[in-house]
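Trainee: only geometry, no sequence info:
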């Protein structure tokens, strides 16, 4: 891969329109309405990024990359 940092939020490989739409709404909602007092391990935005990364890895694996 390139030397620049990889951004999970901008890669759409193997992700359907409705997943991306629902994911973006949940990400924005957690930014606005999320609790500031949560521990770092309970961060909802981090969990959303993990879920999306897992789907991206599966899509790349299916493509053979």
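Mentor: Ah, there it is. Quantities reported herein were computed from a predicted structural model and do not represent experimental measurements. Numbering: from 1, shown residues only.
Trainee: and the residue positioned nearest the centre of the chain, helix, strand or coil?
Mentor: Closest residue to the average C-alpha location of the chain: residue 49 at 3.0 Å, with C-alpha atoms, centre = their mean. Put simply, residue 49 is helix when judged by DSSP: H, G, I helix; E, B strand; the rest coil.
Trainee: thinking it is in contact with residue 11, fair?
Mentor: No. In this structure residue 49 lies outside contact range of residue 11 using C-beta atoms under 8 Å: 11.2 Å. For glycine as for every other residue, the C-beta is placed from the backbone atoms N, C-alpha and C.
Trainee: tell me the contacts of the residue nearest to the centre of the chain?
Mentor: By C-beta atoms under 8 Å, 6 or more residues apart in numbering, residue 49 lies in contact with 8-9.
Trainee: I'd like to know how far it sits from residue 24.
Mentor: 12 Å (C-beta to C-beta, to the nearest Å).
Trainee: ok, now residue 48?
Mentor: As judged by C-beta to C-beta, residue 48 and residue 24 stand 10 Å apart.
Trainee: Who has more neighbours out of the two?
Mentor: Neighbour totals were compared for residue 48 and residue 24, and residue 48 leads with 18 against 12 (other C-beta atoms under 10 Å).
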